[in-house]
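S.K.: Below is the sequence, then the predicted model.
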Amino acid sequence: MTRADLPSSPVPFASLTAATARRIALALQCAATLAVGWAAHRWGGWSWPAASVLAGAALALGYLLSVGWAFLVSLKSLGTAIPDDPVWDRMPVPREHRIGVAGFIGCWLHECVSVAWMFNVLQPFRPRAPFDSPSGDGKRVPVLMIHGYGCNRAVWLPMQKHVAAAGHPVDAVDLMPLLGDIDDYARDIAAAVERLTRMHGRAPVLLCHSMGGLAARALLRQSEPCLVAHVITLGTPHRGTAMARTGRGHNVRQMAWASPWLRQLAASETPAVRASITSIFSWHDSIVGPSGASWLEGARHVPFAGVGHVSLLCDARVRDAVLAELARIEGIAATASA
């Protein structure tokens, strides 16, 4: 995408890519860590090895606190008024999906590792890494991967290798600008869908993480449902998210819990459109919450427990669910064409 492709409406930091933003954030993070070590050595009289250990511990603590705070805001909907409306209300976690203290600690730690890997390694340094070629004859349904808020295509690197190994041609898009209108992202997705359909002779499945699922729904609102074979969403805030109050950008306001934009989107969808969507989600999402935020009435649901928001992209159970869903979708398509 070039600057000429960006919307003409004013958007803050319109030319800023996710890779650049992550490099800047990583540089600030490294500077803060070095500052802690230097201060411990210079003013605390610590030896350099001890100061280095302290700096590393401070960095790890920062991750633990930031991810823990996200869990708290998401699961408890802090500072967010939830409407007294059954369609937009929170949902109780089913008994079979409740986790204890040990389960939550494991979820928390795994999410910290996933966040560090995705945001400090893959996105800043591998934004253009090639995807794997499909195994076999590559004739299975193609898959277009769509990332979430503030991210880029690199978040799909762990997942795509397994999807390609199952024989699916895989591609992805980068949604720009980072803080733009979700409706505008539909144009770029439509162009990628057209390209994949032309290359492989069949409509692709859209595999979407977080905000990407809303962009896919925006596409369906603007076009015929048959444009894509199916939409699979991972941790998409179909009802909105309490974490939207902490973010910036037009797209963040659209993702606020029960926002006018989400209500209009929901009102525009037919039962047929909803039936073409599968929502894979966790009852313990660290970003999309409170519970039930990913529930979309009329869609197919595949729930998990004890998986954080970013961890959905690399969790083995979620990956297997995606592959199973792709096989199910392909089986339905084959039966329909027979």
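M.R.: Looks like it came in fine.

S.K.: for this protein, what spans make up the helices?
M.R.: Here the chain has its helices, by DSSP state H, at 18-42, 48-76, 101-117, 123-125, 157-165, 182-200, 211-222, 250-254, 260-267, 271-275, 316-337.

S.K.: From R153, how far off is M243?
M.R.: Noted for M243: a distance of 22 Å to R153, by C-beta to C-beta, to the nearest Å. In short, each C-beta sits where N, CA and C put it, glycine included.

S.K.: ugh, wrong one, I meant Y185
M.R.: With C-beta to C-beta as the criterion, Y185 and R153 are 13 Å apart.

S.K.: still on that earlier bit, including mean neighbour count, could the helices of the chain go into CSV?
M.R.: Conversion of those to CSV gives the following (neighbours: other C-beta atoms under 10 Å):
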stretch, mean neighbour count
helix 18-42, 15
helix 48-76, 16
helix 101-117, 16
helix 123-125, 21
helix 157-165, 19
helix 182-200, 18
helix 211-222, 25
helix 250-254, 21
helix 260-267, 15
helix 271-275, 13
helix 316-337, 14
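
S.K.: which residues does R23 contact?
M.R.: By C-beta atoms under 8 Å, 6 or more residues apart in numbering, R23 lies in contact with P124.

S.K.: out of everything not next to it in sequence, what's closest to A321?
M.R.: V302 (5.2 Å; C-beta to C-beta, 6 or more residues apart in numbering).

S.K.: For the one you found, name its beta-bridge partners.
M.R.: Beta bridges link V302 to I280, judged by DSSP bridges.

S.K.: as a whole number, average confidence for stretch 22-33?
M.R.: Across stretch 22-33, the average pLDDT comes to 95.

S.K.: Let me fix that, I meant to ask about stretch 66-74.
M.R.: pLDDT averaged over stretch 66-74 gives 90.

S.K.: how about that stretch as CSV, C-alpha atoms only?
M.R.: Written as CSV, here are the backbone C-alpha positions of stretch 66-74 (Å, rounded to 0.1, in the frame of the first residue of the first chain):
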residue,chain,number,x,y,z
SER,A,66,0.6,-4.4,31.8
VAL,A,67,-0.9,-7.7,30.7
GLY,A,68,-2.4,-8.2,34.2
TRP,A,69,-4.0,-4.7,34.0
ALA,A,70,-5.4,-5.6,30.5
PHE,A,71,-7.0,-8.8,32.0
LEU,A,72,-8.5,-6.7,34.8
VAL,A,73,-10.0,-4.1,32.6
SER,A,74,-11.3,-6.7,30.1
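
S.K.: which residues are contacting it?
M.R.: Stretch 66-74 is contacted by residues 78-79, 108, 111-112, 115, 241-243, 246, 284-290, 308-309 when judged by C-beta under 8 Å, 6+ apart.

S.K.: Show the end-to-end separation of stretch 164-178, please.
M.R.: Start-to-end span of stretch 164-178 (C-alpha to C-alpha, to the nearest Å) is 27 Å.

S.K.: In that stretch, which residues are buried?
M.R.: Using 16 or more other C-beta atoms under 10 Å as the burial criterion, the residues of stretch 164-178 that qualify are 164, 166-178.

S.K.: wait, which of these is closest to P94?
M.R.: Nearest to P94, judged by C-beta to C-beta, of the buried residues of stretch 164-178 is A166 at 29.5 Å.

S.K.: how much space between the residue nearest to A321 and A55?
M.R.: 41 Å.

S.K.: what do you get for P142?
M.R.: 46 Å.

S.K.: for T233, same thing?
M.R.: Distance from T233 to A55, by C-beta to C-beta: 39 Å.

S.K.: hang on, the earlier thing: of the contacts of stretch 66-74, grab the buried ones for PyMOL.
M.R.: Entered in PyMOL, the line below selects the buried ones among the contacts of stretch 66-74, by 16+ other C-beta under 10 Å:
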select buried, resi 108+111+112+115+241+242+243+284+285+286+287+288+289+290+308+309
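
S.K.: Tell me who's in contact with A192.
M.R.: 144, 171, 173 are the contacts of A192 under C-beta under 8 Å, 6+ apart.

S.K.: Please name the bridge partners of the last one.
M.R.: In this case it means V173. V173 has these beta-bridge partners by DSSP bridges: I146.
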